[in-house]
Each structure stands twice: as structure tokens, then as C-alpha cells.
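> Coordinates for the following, if possible.
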Amino acid sequence: MVIENTTTGDWDSLILKIKRAFIQYPRELGWSISPESGRAPSIAAQGNILEAINITLNLLHFHYLDRDLYRSGNSIVIVSPGCGVFEVDQGLAGITKQRMMDNGIGSDMLSLGLPP
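You can find the predicted model right below:
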């Protein structure tokens, strides 16, 4: 977890902190990624973005029970190291869209890569 429950107007420092966490993550896990090993993590476009959104929707689904201030506002912020283009399953994309519309949950995406 890099940032949680933060309200600020200084987005530049938050983006810098997130980029630094993306760079340090492989080192913290002890990944030995080199061209000769033939191993590399998948690119952001092949990530599990819809699965992550649906897990978050599971938490926000019961927003009317035991209300607390952590789950008010019903919005998801997605941070991606890629450029915002994802390869997703069409069926899961439809289910995710319908769940977000039914529950009135919005989303914003922060892409740290350059646009395609």
C-alpha cells in the first residue's frame, strides 16, 4: 500500500511517490529480471484490471450497511504504469460496466505512461 485515504491538492508529490513505488516494487520482492533469464513481468495492458475493479466493487456493493466515512463517495481511482490501453475479456467488461452503473460508482484512471 503506497497511499490510502489521502486528501490533498498536491498531486505532483503523490504521483512522484507512486512512480517511485512502481520502480522499487521488483527490487523489494527480490525479482531478478534480466534479459538472459528469459523472465519478465507482464505489461500493464495484460494486467488484471477488471478483476481489481470487481474486487473493489464487492467492497462498495453494500455501501448502505454500516456506513462509515471510508466508503462514502463511491468512486474508484485506478493507477496504471501503462498508457491506459488494456486487453480485457469482453464479457467481463460488460459485467463490470453494468455493476458500476447499477451502483452509481464512478472511476478515474491515472496512467503514468505516455499516451499511445
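> Would you mark the buried spots in the lowest-mean-pLDDT helix or strand in the chain?
Of the helices and strands making up the chain, the lowest-confidence element is helix 11-29, at a mean of 82, by mean pLDDT, DSSP states H and E. By neighbour count, and taking 16 or more other C-beta atoms under 10 Å as the criterion, the buried residues in helix 11-29 are 14, 18. Heads up, the C-betas are built off the backbone N, CA and C, glycines and all.
> can you list the residues that contact the following helix or strand past it?
Beyond helix 11-29 on the C-terminal side, the first helix or strand identified by DSSP states H and E is helix 49-60. With contacts defined as C-beta atoms under 8 Å, 6 or more residues apart in numbering, helix 49-60 is touched by 71, 74, 76, 78, 80, 86, 88-89, 92-93, 95-96, 99-100, 103, 105, 107.
> Under the pLDDT cut-off, which ranges of this structure? List them.
1-7, 33-35, 38-39, 63-73 (pLDDT under 70).
> Can you name the residues bridging to the spatially most central residue of it?
Residue closest to the average C-alpha location in the chain (C-alpha atoms, centre = their mean): I78, at 3.6 Å. Listed beta-bridge partners, I78: M109 (assigned using DSSP bridges).
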